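A.B. asks: Build me a model:
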Amino acid sequence: MLVGMTAWELELHGCHSLKEKRSIITPVLARLRQKLNVSVAETGHQDAWQRAELACAAVGSDRRVIEETLRAADRLVDESDGMRIMDTMTVYR
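C.D. replies: Numbering: from 1, shown residues only. Sure thing, here's the model as predicted:
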């Protein structure tokens, strides 16, 4: 069994409240779950309006499949409106 995890440090444009932040983050989390069948959560900066940290994990037996899934997740986050990726970290075990 292999596990791959990617975490993104995000800057959120134009958020002035936690409610606005949720309106940007929640659809991205839902799309990642629905399209890629991965585990995903907001893992940092929960109290900051214009920053977020999201983490995504994929489990499988083939490293190539996990890498492709996490690359697709990275593209989905990168193409999402209202946010900019500031940093990315990926780990495989």
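
A.B. asks: how much space is there between the residue positioned nearest the centre of the chain and Leu32?
C.D. replies: Nearest to the geometric centre of the chain sits Leu54, at 4.2 Å (Cα atoms, centre = their mean). Counting by Cβ to Cβ, to the nearest Å, the gap from Leu54 to Leu32 is 8 Å. Backbone N, C-alpha and C define where each C-beta goes, glycine included.

A.B. asks: Residues that sit against both of the two, list them.
C.D. replies: Val40, Val77 (Cβ atoms under 8 Å, 6 or more residues apart in numbering).

A.B. asks: which SSE is Leu10 in?
C.D. replies: strand 2-12 (DSSP states H and E).

A.B. asks: Then Val40?
C.D. replies: Short version, using DSSP H and E: Val40 is in strand 39-44.

A.B. asks: buried stuff in that strand?
C.D. replies: In terms of neighbour count (16 or more other Cβ atoms under 10 Å), strand 39-44 has its buried residues at Val40, Glu42, Gly44.
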